[in-house]
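J.: everything below, folded, please.
(chains A and B)
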Amino acid sequence: MIRRPKHDLPVIPTANLVDIAILLIIFYMACSNFLTATTGKIVPPKAPDLVTVEEPLVIVSIDQEGNVSLQGREAGGVAVLESALTDLLRDKTTDKTRTVMFKCDATVSREVYQPVLDAIVQAGGLILAVGEKQ
Amino acid sequence: MRKKFQYRQLNQDAVPTTSLADMMFLLLIFFIMTTTLTKTTGFVTDIPSGTKGQANTQDKTPTVVLHDDKITVNDTQSMGMGELRQYIAGLRLDQRQGEGKVVIVSAEGRVPYQTYYETLAMVQNAGGMVAIVTEEEGK
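T.: So this is what the prediction gives:
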């Protein structure tokens, strides 16, 4: 009786694949910032000597079209923005909690950004002006 | 010869984990697609606000006015961005105390945010404090 030699097919070990996936998920959950929703495209201004800062919870942004948004939603006018910011920053006493991230497109003109900056100041917020290092 | 198949009884108490890998990969794809690993850069500033009338009463406070085509300092000197940087560095704002640190920055016309931002960053990095000027209603 002739015995045929056994030729096992090569097997890729996949038992540990789930563990690797879980580790990657934990990594992404720990290290990521979610993309903040904005109404349009924003090209940030550039300046030298900018520092890395921690992102605050309140975000005001102005896109290329001049649309002002608060927390990713259309703000609907400066007066409404100021009122909403005042409500959001009420009872916030520390510098960290009353910081408002201000993202504005570099090409936006003064008539648009100046009232928004003033609204943040009047609402009692500290301004974190976001830009890119030159 | 007929083979006899023996069916093993499945353990009903075991948690089914066969689809765990699929769920993990779905989550992984979600996180890869929705996250940004870039750090936010900028500067934090506590801006005191005032009106033009208030600004005029403060004689000694340096005032930078950004126009469409030029920059004026204290209503007289006209300069470019490089000269403004030298002027602000020369003020030695980091060595001053209290209101001496304040620089009033005002924009006129259709000055883009890029110019305004650069000026604010310049004052902030020099150790100063920016005060913005807003025009009163009807003026």
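
J.: what pLDDT does the residue nearest to residue A:28 when sequence neighbours are not counted get?
T.: Spatial nearest neighbour of residue A:28, excluding adjacent residues (C-beta to C-beta, 6 or more residues apart in numbering or on different chains): residue B:31 at 3.7 Å. C-beta: built from backbone N, CA, C; applies to glycine. Per-residue pLDDT puts residue B:31 at 82.

J.: just residue B:4 next, same as before
T.: Listed pLDDT for residue B:4 reads 61.

J.: mind listing the residues bridging to the residue in chain B that chain A sits nearest to?
T.: In chain B, no residue comes nearer to chain A than residue B:35, which is 3.2 Å away by C-beta to the nearest C-beta. Beta bridges link residue B:35 to residue A:34 when assigned by DSSP bridges.

J.: and the helices in chain A?
T.: For chain A, the helices defined by DSSP state H occupy A:17-31, A:78-89, A:110-122.

J.: just the CA atoms of the longest one, as CSV, please.
T.: The C-alpha atoms that make up helix A:17-31 are tabulated as CSV, following Å, rounded to 0.1, in the frame of the first residue of the first chain:
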residue,chain,number,x,y,z
LEU,A,17,-6.3,39.6,14.0
VAL,A,18,-9.2,40.7,16.2
ASP,A,19,-6.8,41.6,19.0
ILE,A,20,-4.8,43.8,16.6
ALA,A,21,-8.0,45.5,15.4
ILE,A,22,-9.1,46.2,19.0
LEU,A,23,-5.7,47.7,19.8
LEU,A,24,-6.0,50.0,16.7
ILE,A,25,-9.5,51.0,17.7
ILE,A,26,-8.3,51.9,21.2
PHE,A,27,-5.4,53.9,19.6
TYR,A,28,-7.8,55.9,17.4
MET,A,29,-10.3,56.5,20.2
ALA,A,30,-7.6,57.8,22.4
CYS,A,31,-5.6,60.0,20.0
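
J.: okay if I get the helices of chain A as a markdown table plus mean pLDDT and mean neighbour count?
T.: Converted to a markdown table, these look like this (pLDDT from 0 to 100; neighbours: other C-beta atoms under 10 Å in any protein chain shown):
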| stretch | mean pLDDT | mean neighbour count |
| --- | --- | --- |
| helix A:17-31 | 84 | 13 |
| helix A:78-89 | 91 | 16 |
| helix A:110-122 | 90 | 21 |
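
J.: residue A:22 contacts residue B:24, doesn't it?
T.: Yes. Residue A:22 lies in contact with residue B:24 (C-beta atoms under 8 Å); the separation is 5.9 Å.

J.: in chain A, what helix or strand scores lowest on average pLDDT?
T.: The weakest-scoring helix or strand in chain A, judged by mean pLDDT, DSSP states H and E, is strand A:33-34 (a mean of 65).
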